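Chemist: I need the structure of the sequence given here:
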Amino acid sequence: MNLEMKQALVQNSTVLDSSPLIREHSALLSIILHLLPGVLTGAVYIALRSPVVLAGYPPHVALVLAIPLTTIPVMLGLLVYLGHKRNGRLSFEGVLLYRERIQLWKYFMYVPLVFVASLAIIGVGNAVLDSVLRTKVFPWMPSLDWDNGGGYTRTLLIISYSLTALFVTIGESIVEELYFRGFLLPSMRYAGRWAVPLHTFLFALYHVWQPWRFVSLAIGMLPIVFTTWRTKNIYVGMIVHILLNSFDVIVGVAFILAMKPG
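Modeler: Here you go, the predicted model:
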């Protein structure tokens, strides 16, 4: 590589790093961008909860509907806007980072390790801490009520968990990884070495509709966030996120299959 090419690469890298669209978030802007989608999603969830219950569906369907109505369009809308502003066209170049390629065998190594670590932490947190916080600290918050024993018909449950699989397991998992780990995490230069734990804490706070899970989520998501930061690759975390979000659907499907006909 000749000297002119090296100078051009350095210049382009400097321009990319100094762009206010990707790596110049202040602490205040970073906090707002982390929490605002959650606040909006939580508000829509609360607004939809009564109509959904009155229609005969489980309460968690209100959150499932809030995701395509709020979460996905807010996050993707901002990414599309910034991409178009930066590139003059529909492109995420320079806006979505941490998309470096890794060898295929590393997926087979990282995904199981990260999945088991996150699942174990979240599972222990749910069993030991979440239920206590739910009943002792946040009894005034409406519960998602992922309860399959509520007398719902097979048809209602099939609709509910089909929507959950589409919008939560797949849609939310992918969009959250793009937005939080591909966009916000690389922009947290102000946090220095504390970027990973701070980002994970803010991601937990983003889930304003279930504050009793803040602690378990903040710790349980650390393996995903650290792996993404270390590998500069969002796709391992995306796969793990999908797997974690599939559990409620798996439980729902198992319950539906065990229901007696009629």
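Chemist: for residue 217, see how far away the nearest residue to residue 111 once chain neighbours are set aside is.
Modeler: Closest residue in space to residue 111, ignoring its immediate chain neighbours: residue 239 at 5.3 Å, by Cβ to Cβ, 6 or more residues apart in numbering. C-beta here means a position set from N, CA and C on the backbone, and glycine is covered the same way. In this structure, residue 239 lies at 18 Å from residue 217, with Cβ to Cβ, to the nearest Å as the measure.
Chemist: neighbour count: the two, which is higher?
Modeler: The neighbour count for residue 239 versus residue 217, taken as other Cβ atoms under 10 Å, is higher for residue 217 (23 against 18).
Chemist: I figured that one hits residue 206, correct?
Modeler: No. Counting by Cβ atoms under 8 Å, residue 217 sits too far from residue 206 to count as a contact (9.1 Å).
Chemist: buried residues in stretch 179-196?
Modeler: By neighbour count with 16 or more other Cβ atoms under 10 Å, stretch 179-196 contains the buried residues 179-188, 190-191, 195-196.
Chemist: I should have written stretch 159-172 there, sorry.
Modeler: Residues 160-161, 163-165, 167-169, 171-172 are the ones in stretch 159-172 that count as buried (16+ other Cβ under 10 Å).
Chemist: in TSV, list those residues along with secondary structure, pLDDT and distance to residue 106.
Modeler: Converted to TSV, those look like this (DSSP: H, G, I helix; E, B strand; the rest coil; pLDDT from 0 to 100; distance: Cβ to Cβ, whole Å):
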residue	secondary structure	pLDDT	distance to residue 106
160	helix	93	36
161	helix	93	33
163	helix	95	34
164	helix	95	30
165	helix	96	28
167	helix	97	29
168	helix	96	27
169	helix	97	24
171	helix	97	26
172	helix	97	25
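Chemist: next structured bit after the helix or strand of the chain with the lowest mean pLDDT?
Modeler: Comparing every helix and strand of the chain by mean pLDDT, DSSP states H and E singles out helix 3-17 as the least confident one, with a mean of 40. For helix 3-17, the following helix or strand on the C-terminal side (DSSP states H and E) is helix 27-54.
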